[in-house]
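Only the shape, not the letters, is given here:
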């Protein structure tokens, strides 16, 4: 929107000029003169001069604490040394201790009111603390001392406006305009002040002066259009927007302004039409379009546009800027909002075809692979990410996940060993790496190493219920430390009383401890909480029922498990012989 863009540009300009100028002024040191005090002896004066120069040296070398100590000693020798106060204040200012800096500068100015450097630094501190009135007073004094200094007069006007002293601010801008001539920046500032004073006629007059000075400058018509829009005159607002198109038919920004205009009018169809025109405009840079898009879609729930419309805009934008690979990430983000992870992933892959050196994109891709449980893709992509970014621990972790799922257990141990060097203080990843070691070692029948790793996981994270559950289950399957297995599994179930997997583990531990009645209660609870289609649970249920003498029901559940698949290697034999048979596979 032209008015907002111009105003924003103005603010940026003010801040840039203000900060850069003040920084330049703060770097420039005042002339180093020891304040002359009749009370100081010659020895004191000599010591002061020596220490002061040494303090400046330490400050320049970056030895801040030494410099502070030395300047403090200077103030002990001469408590009224404004120049020592200034140097101390500059150190506090650099350390963002604005309160201490301002107190020192206020005292320095009370001693030496003619030193402009003291006032410049204090004015900047006041500005940062939003003490605009106090800052304006300082620039008024500075401007009075140097009436030909346009910068001082300009800052005076700006700060008077920020302190809501609009009349004096306008007077200052008028004085500045006499020195510079008609100036867009000054006119826009005056227009804004007239609006705040509820003087719309004077505000219109300022914009008209700009238009008359340069009738081909479209920004001025945009200011007028948005001002009319602001006061509720939609007819004149639209006329001025159209004047921009008459002067510059290829002006892309005006379509954004018109889109905003029609949104306020409640005409979303016309608004969307203008956005499409802006996005299709090849004269308008991609950055502006992307910024507008991000602004409009940052709050997806309250966006003016449907997902289909946003998709259409992205297609137009991509057609206008086919070589801008940022489009792939924007497409991906749009699809992710709709939970279309697989489609989003394809766009990230296209991005990486043009730029492989962006780890953030690689990480997003790996997470998508994991979310989709596409472990073949996760395995390949994580391996590529490790080759490109060998110091990123998360890539090793995700590669280990993929290798576990693909039953590449030896590789899991190797990749975890390699990746641990990059985990550093990331406690979460340390725990994950130990868990991957535990699972890989168990599947390699390196049981002692596996159980050591599980113990370490639980020590690092006593509430890692997945690790505790798996540990308890593996102990029960092997018939080892069953009392410990029951204690571990019981803790998990107590914290997750409706999780069918955890309930099944607890039931199986109880089964191994020959507590069949209680095992039946927990396995039935697991089945009623979503485990009715799980072949492992149903086979366990059959085993428990068999031990309780309910042979027919046991056979019925074994058959259900068989129909679902993924039963133990002895399931078919159980059904054939109608009896419980212990699995030989741990």
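Right, received. Where do you want to start? Remember, it's a predicted structure, so these values are computed and weren't measured experimentally. Numbers count the residues shown, from 1 in each chain.

residues in contact with stretch 388-404?
Contacts of stretch 388-404 from elsewhere in the structure, counted by CB atoms under 8 Å, 6 or more residues apart in numbering, are 356-357, 359, 362-363, 366-367, 369-370, 375-376, 378-379, 382-383, 385-386, 409, 411-412, 415-416, 418-420, 422-424, 426, 429, 432-433, 436, 439-440. All C-beta atoms are positioned from the backbone trio N, CA, C, and that covers glycine.

Go ahead and confirm residue 456 touches residue 434.
Yes. In terms of CB atoms under 8 Å, residue 456 counts as a neighbour of residue 434; the distance is 4.9 Å.

With neighbour numbers in mind, choose between the two.
Shown here are residue 456 and residue 434; by other CB atoms under 10 Å, residue 434 has more neighbours (24 against 18).

Tally up the residues packed near residue 229, please.
Residues near residue 229, counting by other CB under 10 Å, number 22.

isn't it right up against residue 261?
Yes. In terms of CB under 8 Å, residue 229 counts as a neighbour of residue 261; the distance is 6.2 Å.

what about the closest residue to residue 213 other than its chain neighbours, which SS state?
Of all residues not flanking residue 213 in the chain, residue 182 sits nearest, at 5.3 Å (CB to CB, 6 or more residues apart in numbering). Reduced to three states with DSSP: H, G, I helix; E, B strand; the rest coil, the structure at residue 182 is coil.

give me phi/psi at residue 182?
Residue 182 has phi and psi values of phi -60, psi 130 when expressed as degrees, to the nearest 10.

how many other residues sit next to it?
12.

what does the one 5 residues further on give?
When counting by other CB under 10 Å, one arrives at 21 neighbours for residue 187.

Just the element for it, please.
When elements are assigned from DSSP states H and E, residue 187 belongs to helix 184-196.

which strands and helices sit next to that helix?
With contacts defined as 3 or more CB pairs under 8 Å, 6 or more residues apart in numbering; DSSP states H and E, the packing partners of helix 184-196 are helix 2-27, helix 150-162, helix 166-180, helix 200-213, helix 218-230.

Give me the residues contacting it.
Applying CB under 8 Å, 6+ apart, the external contacts of helix 184-196 come out as 6-7, 10, 13, 157-158, 161, 164, 166, 169-170, 173, 176-177, 180, 200, 202-203, 206-207, 209-210, 223, 227, 230.

do the same with stretch 305-321
The set of residues that contact stretch 305-321 without belonging to it, under CB under 8 Å, 6+ apart, is 272, 275-276, 279-282, 286, 289-290, 293, 296-297, 303, 324, 327, 330-331, 334, 337-338.

Derive a ChimeraX selection command for the buried subset of the contacts of stretch 388-404.
To isolate in ChimeraX the members of the contacts of stretch 388-404 that are buried, counting by 16 or more other CB atoms under 10 Å, one can use:
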select :362,363,366,369,370,375,378,379,382,385,386,409,411,412,415,416,419,420,422,423,429,432,433,436,439,440
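
Of the contacts of stretch 388-404, which belong to strands?
Secondary-structure check on the contacts of stretch 388-404 using DSSP state E: no residue lies within strands.

What's the mean pLDDT across stretch 460-469?
Over the span of stretch 460-469, the pLDDT mean works out to 96.

End to end on that stretch, go ahead and measure it.
Across its full length, stretch 460-469 reaches 16 Å between end residues, using CA to CA, to the nearest Å.

So what's the gap between it and the chain middle?
If you compare the mean C-alpha spot of stretch 460-469 with that of the full chain, they lie 30 Å apart, counting by CA atoms, centre = their mean, to the nearest Å.
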